[in-house]
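> Sequence plus predicted model, see below.
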Number of protein chains: 4
Amino acid sequence: MRIGVLTAGGDCPGLNAVIRSVVHRAVDNYGDEVIGFEDGYAGLLDGRYRPLDLDAVSGILARGGTILGSSRLERDRLREACENASDMIRDFGIDALIPIGGEGTLTAAHMLSEAGLPVVGVPKTIDNDISSTDRTFGFDTAVGVATEAMDRLKTTAESHQRVMVVEVMGRHAGWIALESGMAAGAHGICLPERAFDPARLVKMIEKRFARGKKFAVICVAEGAHPADGTMDYGKGEIDKFGHERFQGIGTALAHELEQRLGKEARPVILGHIQRGGTPTAYDRVLATRFGWHAVEAAHQERFGRMTALRGTDIVMVPLAEAVTELKTVPKHRMDEAESVY
Amino acid sequence: MRIGVLTAGGDCPGLNAVIRSVVHRAVDNYGDEVIGFEDGYAGLLDGRYRPLDLDAVSGILARGGTILGSSRLERDRLREACENASDMIRDFGIDALIPIGGEGTLTAAHMLSEAGLPVVGVPKTIDNDISSTDRTFGFDTAVGVATEAMDRLKTTAESHQRVMVVEVMGRHAGWIALESGMAAGAHGICLPERAFDPARLVKMIEKRFARGKKFAVICVAEGAHPADGTMDYGKGEIDKFGHERFQGIGTALAHELEQRLGKEARPVILGHIQRGGTPTAYDRVLATRFGWHAVEAAHQERFGRMTALRGTDIVMVPLAEAVTELKTVPKHRMDEAESVY
Amino acid sequence: MRIGVLTAGGDCPGLNAVIRSVVHRAVDNYGDEVIGFEDGYAGLLDGRYRPLDLDAVSGILARGGTILGSSRLERDRLREACENASDMIRDFGIDALIPIGGEGTLTAAHMLSEAGLPVVGVPKTIDNDISSTDRTFGFDTAVGVATEAMDRLKTTAESHQRVMVVEVMGRHAGWIALESGMAAGAHGICLPERAFDPARLVKMIEKRFARGKKFAVICVAEGAHPADGTMDYGKGEIDKFGHERFQGIGTALAHELEQRLGKEARPVILGHIQRGGTPTAYDRVLATRFGWHAVEAAHQERFGRMTALRGTDIVMVPLAEAVTELKTVPKHRMDEAESVY
Amino acid sequence: MRIGVLTAGGDCPGLNAVIRSVVHRAVDNYGDEVIGFEDGYAGLLDGRYRPLDLDAVSGILARGGTILGSSRLERDRLREACENASDMIRDFGIDALIPIGGEGTLTAAHMLSEAGLPVVGVPKTIDNDISSTDRTFGFDTAVGVATEAMDRLKTTAESHQRVMVVEVMGRHAGWIALESGMAAGAHGICLPERAFDPARLVKMIEKRFARGKKFAVICVAEGAHPADGTMDYGKGEIDKFGHERFQGIGTALAHELEQRLGKEARPVILGHIQRGGTPTAYDRVLATRFGWHAVEAAHQERFGRMTALRGTDIVMVPLAEAVTELKTVPKHRMDEAESVY
């Protein structure tokens, strides 16, 4: 069997672990040939690829990034790209294509599958927002990085009697903010799923101060936003070139809290450190299992599906299901955290 | 409501996170009173306890160990202890007892519950071997520590062209060996669930050497054992006092491989570093959720149950179910790992 | 002997290790009494303090922050404060005062000493910019945090073929940027000590791209600045309230590089995570040694001095020397790094 | 110029950083040619080497181990090897040889230098026991690993009310035990430099217990030994094959303390995890500076010397000086630690 692999979309710890696992299972067990397309679908469209044998994936399990490179596919070029991809897959004699990527990648995978091509998807997002899988790899690493950062910030906040507002990733779903906020014991958590009222945060912080706890750490997803009319936010500022520039919610909220509390409040924007570097053991295991099951599915000709974690098992779910809706934080998970505002 | 908490059995990262969560939910939300018994059931039997308010659990979320202390209950004193415990619980006016512990602790909890006492259990084991919950807290931390150790050992093994045999925890179930072995890319994994044949390990290592990879890392659960007749193991050595002493499997296997391969093979016994220290974010979240749901169960008078993870949800399962059988590594999980011998 | 301790200025990993060491040496070895003033000199002036015995410092060695709290002393209130402090020290019957802090704190300590008070200083700055000591504690931790962040960012930059500009602490001295940049293999390093020319950075990055390395990581000290006329920087932007706001150099440089290169360039501002949390082993040892020697100096009545690392030894240097000039990165250290622009 | 590099002796974090630095400085700045001999002096003697250009050292800065492989040279073959090496160096047209290694390697380097060959040494030992340099790279990483392990063990020891004896590396010099013991706050530290009396350890532990601290962590260098007549140690046990086997001091001391205290005491032998894996930022910087200065020395024809850290500077010291005596822990450093027995 000839298997093609590609990684697309944003960086995510565990991508190399999937690639390695696919190669190990396919080459070592089945005697398959595996080729890796470079820079995501771009490599598939341009015919840029390289053979992947055991040596090619040696030592990459714990390494962040992707040895194949990645790129984002623009939405409006998707259909056109899929048509070209179909030709390429036939030309290259690919018996199974394993695209590893997020929502866009899986949507493209679904189109290819609908066009009759042999596709097995592997879901990837540090945001953990793909429905039909309990978890995605990369998420645990992102939560770990954010938690460690907040662990560090807590001691500083306490020594300085200061409020820290930590902005973590999550534009549409607040999983990273929820779990890192819980893990680090953030005193307030703001998610995209629920508009927050800064007045309630202020009240909580003042209650803490009254108890003698002279600091607070607030964990905010980048996609969190204040309830209408509660805070002046979302109007851009005019930069020196006369352009309107939007401030991140972390910075805006720190400013707002500082004004309302009359105390120092500082924003920390974690940014890309959440999506790079060595994956946690959890993510390496999940990524490895996904790769293994993707190869199994290819050999069983269970195409048009993607790997998914359900409880402790890896199952294959239809790509059609996977891409329909975003998995957001449900209310009962917010309740458990106690500190979602 | 008056809630009693205790921690029993071996140390496990996340114990403090459960205690903190119980106090936060019970005191802050319900206005309950929480007391913590010291040193496990021993504190309950001796009446040694202290009140736990918000200040008492401040800053403990990320700390290893247990602020309450712990002790192991001897099996044969279990029934007697339970009888005394019943009296104590009534004397102290405890409306709900939340014991946090492993199999022994939960068995005792089950007995207390059978005797009509209001008990909600929280399962705890770094070994991840309690059935009826997908995962237990502490396990992720143990896997992380073992993985990091093997990451380090791999570079040393490679530089020295040496075989390293790493013994990790897991007397009856091989979950830590399985997952840390997968995460670190161990070339061989030996579990209690499947007797291994050293000859097969030797063959695999020689194949690696033939491929130009002049080193190997073998991950062995402390409860792993060779198939009958494959290796001289299990007879004790006579120490200088004339006593028979049993060698651990890690040391024995390193010795065996060294003899068979004619190459340096070294054992590393990770031991207790796997069960101490700061819990991972994953374990802190799971522990926090367990604590929260234990308090909810107490208020809903759902006694005789313990918290359990099922998929992404925390559910309450009967204690009777929990303690019936050990959760061991099933064959399909060994297959996925590719390298279980 | 009655010893007073206080911590002042910004948070710095290792403060608790100094406090613990002072208490261990003074109480356990000499039978001294130790009291800790709260929130820096403020506690001394207000008479807020607490006794510090062995139990009070138990378990704090590895903890970030300071159990005594901290505050910054405003420059213009320094002289007045010193006068009041003198009275307080006499009133409290303090035989030796050990202030732990940065340049401002040590200047105040010098004034107190000049006024005849028994003072032994302990230098503290994550910036490593205090002359007359080879290193200060906290610096190693800050460098470690920045290095780990850049390790993570490198894989992401590589996968995304992107330029990352990482802004680290260092307003007047570039030690953190220099050492973390070297440790992480940053392709360009910008320091306060040498005005950089963005054109040279652009040339280096283009040379990398020509070599097939499609990414770069630039490490910039917050106090770095472009050479005159090389880049439009330093004019503030007008925010929505009509105030001028200055952009950090990291953000400005990323923007500039993006424009010049025609490639994505992203800023990451590490901020306060560099100064909080568990100190590295190096910092704990250095802090512990400083505390020990401060107590020794007190008992030998070697006042008006501060602890300093010289090679492998801790020596006592006159406070007068310590506060005269900032220790900046010399040219030969920049040469070694190869990549300072 | 044609420069040959080799790494010899035990694994040590930072070796790759030196190799990378040599290549960067020599190739990029001077246009030199660099070749790397494989597996230490063995590669030099067998003529096994490979060219090292910028691509060959890309991405290795943070990686443990050595891309060149290593081997130990047997003492009695040293002189013979040196003679052959001289021929090889001339045959290969090597203008400068940079051996990176420990005492044995530097002794060989000294011999080669005495024989008129152009040699610049780079000292390497995780034990930090090479005189004439303040520190060696690898040491900081080893101390960090040991400290983190003890941080974890402390919480476990406390929860279980147990004594933990942690054996760390250091056969002839106790630097790792001293600094990791100080950093982790070990209650007792035993070094090769001072024979310990178990009775004194017992007394200290009992004093702790009396204070209500029901646990202790003892940090023992592998080369530590009891004072004569204080403990039955050093006689081997007879294994099942009838051979005498020597028990490590960690295991022996745990056993001894258990007997004397009547309390559980457990040994943990850290072993090779101390010498593998990612180097700390400190070690990467030191290793990088050593590599840079070695190339400078080669170009200045300052042969027969090795790089050394003195205070904050890298200096070149005669190899003759470096190999004369071991740098052991002096008494005043033991005094500072307070807990050396």
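Cool, the structure landed.
> Quick check: residue A:174 touching residue A:222?
No: in this structure, residue A:174 is not within contact of residue A:222 by CB atoms under 8 Å, at 9.5 Å. C-beta: built from backbone N, CA, C; applies to glycine.
> ok, residue A:216 touching residue A:158?
No: Residue A:216 lies out of contact with residue A:158 (CB under 8 Å); the separation is 9.6 Å.
> quick one: the residue of the stretch 151-300 of chain A found nearest chain D and residue A:65, what's the gap?
Of all residues in the stretch 151-300 of chain A, residue A:278 sits closest to chain D, at 8.7 Å by CB to the nearest CB. Per CB to CB, to the nearest Å, residue A:278 is found 10 Å from residue A:65.
> Give the closest residue to residue A:82 in space, chain neighbours not counted.
Among residues not flanking residue A:82 along the chain, residue A:111 sits closest, at 4.4 Å (CB to CB, 6 or more residues apart in numbering or on different chains).
> where's the residue of the stretch 151-300 of chain A closest to chain D, which helix or strand?
Assigned by DSSP states H and E, residue A:278 falls within no helix or strand.
> how near is the nearest residue to residue A:177 once chain neighbours are set aside to residue A:194?
Spatial nearest neighbour of residue A:177, excluding adjacent residues (CB to CB, 6+ apart): residue A:221 at 3.8 Å. Using CB to CB, residue A:221 is found at 10 Å from residue A:194.
> the more surrounded of those two?
residue A:221 (29 against 18; other CB atoms under 10 Å in any protein chain shown).
> Tell me which residues touch the more buried one, please.
Residues in contact with residue A:221 (CB atoms under 8 Å, 6 or more residues apart in numbering or on different chains) are A:167, A:168, A:169, A:170, A:171, A:173, A:174, A:176, A:177, A:190, A:191, A:192.
> Residue A:232 now?
Residues in contact with residue A:232 (CB under 8 Å, 6+ apart) are residue A:256.
> Could you list the low-confidence segments of the stretch 151-300 of chain A?
Across the stretch 151-300 of chain A, the ranges flagged by pLDDT under 70 are A:234-246.
> what's the spacing between residue A:86 and chain B?
32 Å (CB to the nearest CB, to the nearest Å).
> Could you measure from that residue over to chain C?
Per CB to the nearest CB, residue A:86 is found 26 Å from chain C.
> Let's see the pLDDT reported for that residue.
For residue A:86, the model assigns a pLDDT of 79.
> And it, which helix or strand is it part of?
Assigned by DSSP H and E, residue A:86 falls in helix A:78-91.
> Which strands and helices lie in contact with that helix?
helix A:41-46, helix A:103-114 (3 or more CB pairs under 8 Å, 6 or more residues apart in numbering or on different chains; DSSP states H and E).
> Just put those helices in JSON lines and tack on mean pLDDT and mean neighbour count.
Output for the helices and strands packed on helix A:78-91, formatted as JSON lines (pLDDT from 0 to 100; neighbours: other CB atoms under 10 Å in any protein chain shown):
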{"stretch": "helix A:41-46", "mean pLDDT": "88", "mean neighbour count": "21"}
{"stretch": "helix A:103-114", "mean pLDDT": "90", "mean neighbour count": "23"}
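> Can you add distance to residue C:294 and give the ones you listed back as CSV?
As requested, these are arranged in CSV below (distance: least, CB to CB, whole Å):
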stretch, distance to residue C:294
helix A:41-46, 61
helix A:103-114, 58
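> Before we move on, what's the pLDDT of residue A:323?
For residue A:323, the predicted pLDDT is 76.
> circling back to that earlier point, hey, what's the residue nearest to residue A:177 bridged with?
residue A:168 (DSSP bridges).
> for residue A:99, same thing?
With DSSP bridges as the criterion, residue A:99 is bridged to residue A:6.
> and the residue located most distally from the centre of chain A, backbone torsions?
What lies farthest from the middle of chain A is residue A:210; by CA atoms, centre = their mean that is 38.1 Å. Main-chain torsions, residue A:210, degrees, to the nearest 10: phi -60, psi -30.
> So the residue in the stretch 1-150 of chain A positioned nearest to chain B: helix, strand or coil?
The nearest approach of the stretch 1-150 of chain A to chain B comes at residue A:147, 4.0 Å away (CB to the nearest CB). The three-state label given to residue A:147 by DSSP: H, G, I helix; E, B strand; the rest coil is helix.
> Same check on residue A:4?
What three-state DSSP gives for residue A:4 is strand.
> re earlier: biggest separation within the contacts of residue A:221, which pair?
Within the contacts of residue A:221, A:167 and A:173 form the most distant pair, 15.0 Å apart (CB to CB).
> mind listing the strands in the stretch 101-250 of chain A by residue range?
A:120-123, A:163-168, A:188-190, A:216-221, A:237-238, A:244-245 (DSSP state E, counting those that start in this stretch).
> picking up where we left off before, so residue A:174 and residue A:222 - more neighbours on which side?
More crowded of residue A:174 and residue A:222, by other CB under 10 Å: residue A:174, with 32 against 20.
> Please name the residues that touch the more buried one.
A:189, A:190, A:191, A:192, A:193, A:221, A:223, A:224, A:328, A:329.
> Make JSON lines out of the residues you listed and add distance to residue A:23.
Shown next, in JSON lines, are the contacts of residue A:174 (distance: CB to CB, whole Å):
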{"residue": "A:189", "distance to residue A:23": "40"}
{"residue": "A:190", "distance to residue A:23": "42"}
{"residue": "A:191", "distance to residue A:23": "38"}
{"residue": "A:192", "distance to residue A:23": "37"}
{"residue": "A:193", "distance to residue A:23": "38"}
{"residue": "A:221", "distance to residue A:23": "35"}
{"residue": "A:223", "distance to residue A:23": "36"}
{"residue": "A:224", "distance to residue A:23": "40"}
{"residue": "A:328", "distance to residue A:23": "35"}
{"residue": "A:329", "distance to residue A:23": "35"}
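> Looking at those residues, which is nearest residue A:317?
The closest of those to residue A:317 turns out to be residue A:328 (CB to CB; 18.4 Å).
> Is that closest one part of a helix or strand, or is it coil?
Classification of residue A:328 using three-state DSSP returns coil.
> From residue C:160, how far off is residue A:66?
Going from residue A:66 to residue C:160 by CB to CB gives 10 Å.
> meant to ask about residue A:323
With CB to CB as the criterion, residue A:323 and residue C:160 are 23 Å apart.
> Likewise for residue A:64?
Taking CB to CB, one finds residue A:64 at 12 Å from residue C:160.
> where do the contact lists of the two overlap?
residue A:11.
> Could I get the contacting residues of the residue nearest to the spatial centre of chain A?
In chain A, the residue lying closest to the centroid (CA atoms, centre = their mean) is residue A:126, at 1.9 Å. Contact analysis of residue A:126 by CB under 8 Å, 6+ apart lists A:10, A:12, A:13, A:136, A:138, A:139, A:141, A:142, A:169, A:176, A:274, A:275.
> one more time with 6 Å, if that's ok
Contact partners of residue A:126, counting by CB atoms under 6 Å, 6 or more residues apart in numbering or on different chains, are A:12, A:138, A:139, A:142, A:275.
> what's the answer for residue A:52, then?
Residue A:52 sits next to A:23, A:34, A:36 when contact means CB under 6 Å, 6+ apart.
> now do 8 Å
So residue A:52 contacts A:5, A:19, A:23, A:27, A:34, A:35, A:36 (CB under 8 Å, 6+ apart).
> Tell me the pLDDT of the first one.
So that's residue A:5. For residue A:5, the model assigns a pLDDT of 97.
> Equivalent analysis for residue A:308, please.
For residue A:308, the pLDDT comes out at 97.
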